[in-house]
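[1] Predicted model and sequence follow; I will ask about them next.
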Amino acid sequence: MEVELDEVITAASDATAAPLALSLVEALSEVPDPRQARGVRHGVLAVLLLGACAVLTGARSFAAVAEYAHDAGHAVLAALGVGTVVPHESTLRRVLQKVDPVAVEAALRSWVLTQLDAQPRSQATPRREQRRVLALDGKTLRGAHISTAHGSSDHGAGLPHLVSVLDQASGAVLGQVQVEQKGSEVAAFSTLLDELDLSDVLVTADALHTHRGHADYLHQRGGHYLMTIKANQPKLLARVRALPWADIGVAARGRARGHGRVETRAISVVSLHPCPDLGGEFFPHAAQAIKLVRRRRPLRPGGKWKTVTVYAITSLTGFDADPSLLARWIRGHWGIENRLHWVRDVTFDEDRSTVRTGHSPQIMAAFRNLAITALRLSGATNIAAALRHHARDTLRPLTTYKIT
């Protein structure tokens, strides 16, 4: 009987054990080599691993990646599968220009998702706060001019625009897709989310993505949306503005102080079932309308208050998300600017990067996303300091990426 009980306990432990996370080497090994097999000395896997590790030490160019490779030492090179001969900058450049960005993004997405699944979850967190929330937004690489199907123009058609999706809770980047220009960002919505499990997932997006087709897409995939409303949806904006917000009242308030300013937030929420203005459906699958008033004032003497009113709509009911939680998720979506775009612009100096040939702008941006994700998951709060920390020891990127 004791043996049987031990077997039951062992089986239960195995069933609840966290799955083994996919290693970065295993993930990137799925990326095909764009070159002919004859004459290849350094495989695409070794080049990708070198690029990823170099960017984690602050490398911003192909020359910097090559310098990292030359200074890494035999132990690091052996762990990355480089061999005895260090690849030249021209080799790194050619491979990263030609490698398939879709395959690279798929490999990195697989790695990030397994890392997130392996993260311990707090049982004390309420169930509705455990919902995965994804923020979707785009960013233009202003230093990289590429040729497009329509050619370059004064309107920025030659600037690659990357649309990224960020996990709000962890700050991990789950993927990105390149579009020709910012106006094409709408078409990237479903392309970027197609490869993700959206069951019971909330997707936050700005007004550019407040489209009926996007709402239907998320509903069909079993997900939910929280989208802001602006003038690109004039009828919807007019109806939401006309709701009796004074009678509805403020449901929750918040106040924050930091970064040289003080900010207050007041959120009002109204259920759209039944429709409060008796005008029929507001938006496909919409359950609540939201009004958020932000007031911000610099802490310097004489600083004046600036008020911004934001309207939004969500498919989540009041049972699924209370006003405070909605306010947190709206603020979390704005955080993609600070936690991802600002870091890439300021810490990695991305907008001044002149990497522009072939697929290399997107590949280097993917390496930056990977570095930011790995550092966030390791608990780093200051990305610039973390990059300097990794630059002081060539073995540290291997440890962070769990290659050794």
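    Sure thing, it's come through.

[2] Give me the neighbour count for the nearest residue to H211 once chain neighbours are set aside.
    Distance criterion CB to CB, 6 or more residues apart in numbering; nearest residue to H211, sequence neighbours excluded, is V186 at 6.6 Å. Using the backbone N, CA and C atoms, a C-beta is placed for each residue, glycine as well. V186: 19 surrounding residues under other CB atoms under 10 Å.

[3] correct me, but V186 touches A207?
    No - at 11.0 Å, V186 does not count as touching A207 under the criterion of CB atoms under 8 Å.

[4] The helix or strand in which S268 is found - contacts with which helices or strands?
    S268 belongs to strand 261-271 when assigned by DSSP states H and E. Packing contacts for strand 261-271, counted by 3 or more CB pairs under 8 Å, 6 or more residues apart in numbering; DSSP states H and E, involve helix 245-248, strand 252-258, strand 288-298, helix 323-336.

[5] and that strand with strand 252-258, angle?
    Put simply, strand 261-271 runs at 160 degrees to strand 252-258, going by axes from the mean of the first three to the mean of the last three CA atoms, to 10 degrees.

[6] Now strand 261-271: buried residues?
    V262, E263, T264, R265, A266, I267, S268, V269, V270 (16 or more other CB atoms under 10 Å).

[7] One more: stretch 227-242?
    Buried residues in stretch 227-242 (16+ other CB under 10 Å): M227, T228, I229, Q233, L236, L237, R239, V240.

[8] Now secondary structure too, for those, in CSV please.
    Formatted as CSV, the buried residues of stretch 227-242 follow (DSSP: H, G, I helix; E, B strand; the rest coil):
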residue, secondary structure
M227, strand
T228, strand
I229, strand
Q233, coil
L236, helix
L237, helix
R239, helix
V240, helix
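
[9] quick one: which of those is nearest to G81?
    Nearest to G81 among these, counting by CB to CB, is M227 at 44.4 Å.

[10] Who does that closest one form a beta bridge with?
    A205, I313 (DSSP bridges).

[11] Quick check: it touching A207?
    Yes - with contact defined as CB under 8 Å, M227 counts as touching A207 (7.0 Å).

[12] Tell me which residue is most central in this protein.
    For the chain, the residue nearest the mean C-alpha position is L166 (2.3 Å; CA atoms, centre = their mean).

[13] Using the three-state scheme, assign that residue.
    strand.

[14] who touches E105 in this structure?
    Going by CB atoms under 8 Å, 6 or more residues apart in numbering, E105 touches G175, Q176, V177, A366.

[15] redo that, cut-off 7 Å
    Neighbouring residues of E105 by CB atoms under 7 Å, 6 or more residues apart in numbering: G175, Q176, A366.

[16] ok, now how distant is V240 from H333?
    Taking CB to CB, to the nearest Å as the measure, V240 and H333 are separated by 18 Å.

[17] Kindly state the beta-bridge partners for I290.
    Bridge pairing for I290 (DSSP bridges) gives the partners V269, A312.

[18] Residues in contact with stretch 248-259: which ones?
    So stretch 248-259 is contacted by E263, T264, R265, A266, I267, S268, V269, V270, P323, S324, A327 (CB under 7 Å, 6+ apart).

[19] low pLDDT regions in the protein?
    Within the chain, the ranges that satisfy pLDDT under 70 run 1-20, 143-157, 181-183.

[20] Which residue ranges of it form strands?
    Secondary structure of the chain (DSSP state E): strands at 133-140, 161-167, 173-179, 202-205, 224-229, 252-258, 261-271, 288-298, 306-314.

[21] So for V102, which of those sits nearest?
    strand 173-179 (8.3 Å).

[22] Which strands or helices does that closest one pack on?
    Judged by 3 or more CB pairs under 7 Å, 6 or more residues apart in numbering; DSSP states H and E, strand 173-179 is in contact with helix 101-118, strand 161-167, helix 188-193, helix 360-377.

[23] Ignoring the adjacent residues along the chain, who's closest to L218?
    Y225 (5.0 Å).

[24] how many other residues sit next to the one you found?
    25.

[25] hang on, the earlier thing: mind putting the helices and strands packed on strand 173-179 in CSV, distance to H74 included?
    Output for the helices and strands packed on strand 173-179, formatted as CSV (distance: least, CB to CB, whole Å):
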stretch, distance to H74
helix 101-118, 26
strand 161-167, 36
helix 188-193, 40
helix 360-377, 23
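
[26] Pull the contacting residues for V308.
    V308 makes contact with R294, according to CB under 7 Å, 6+ apart.

[27] who does it bridge with?
    Bridge pairing for V308 (DSSP bridges) gives the partners R294.

[28] now it: how far from R261?
    13 Å.

[29] related to what we said a few turns ago, which one, of the helices and strands packed on strand 261-271, ends up nearest to P120?
    P120 lies closest to helix 323-336 among the helices and strands packed on strand 261-271, at 20.9 Å (CB to CB).

[30] Which parts of that closest one count as buried, going by neighbours?
    Residues of helix 323-336 classed as buried: P323, L325, L326, A327, R328, W329, I330, R331, G332, H333, W334, I336 (neighbour count, 16+ other CB under 10 Å).

[31] Show me the one of the strands of the chain that comes nearest T357.
    The closest of these to T357 is strand 173-179. By CB to CB, the value is 14.1 Å.

[32] List of residues touching that closest one?
    101, 105, 109, 112-113, 134, 160-167, 185, 187-188, 191-192, 195-196, 340, 362, 365-366, 369, 372-373.

[33] switch the cut-off to 8 Å
    Against strand 173-179 from outside (CB under 8 Å, 6+ apart): 101, 105, 108-109, 112-113, 134, 138, 160-167, 185, 187-188, 191-192, 195-196, 340, 361-362, 365-366, 369-370, 372-373.

[34] quick one, it and strand 133-140 angle?
    40 degrees.

[35] buried ones in strand 173-179?
    Buried positions in strand 173-179, judged by neighbour count with 16+ other CB under 10 Å: V173, L174, G175, Q176, V177, Q178, V179.
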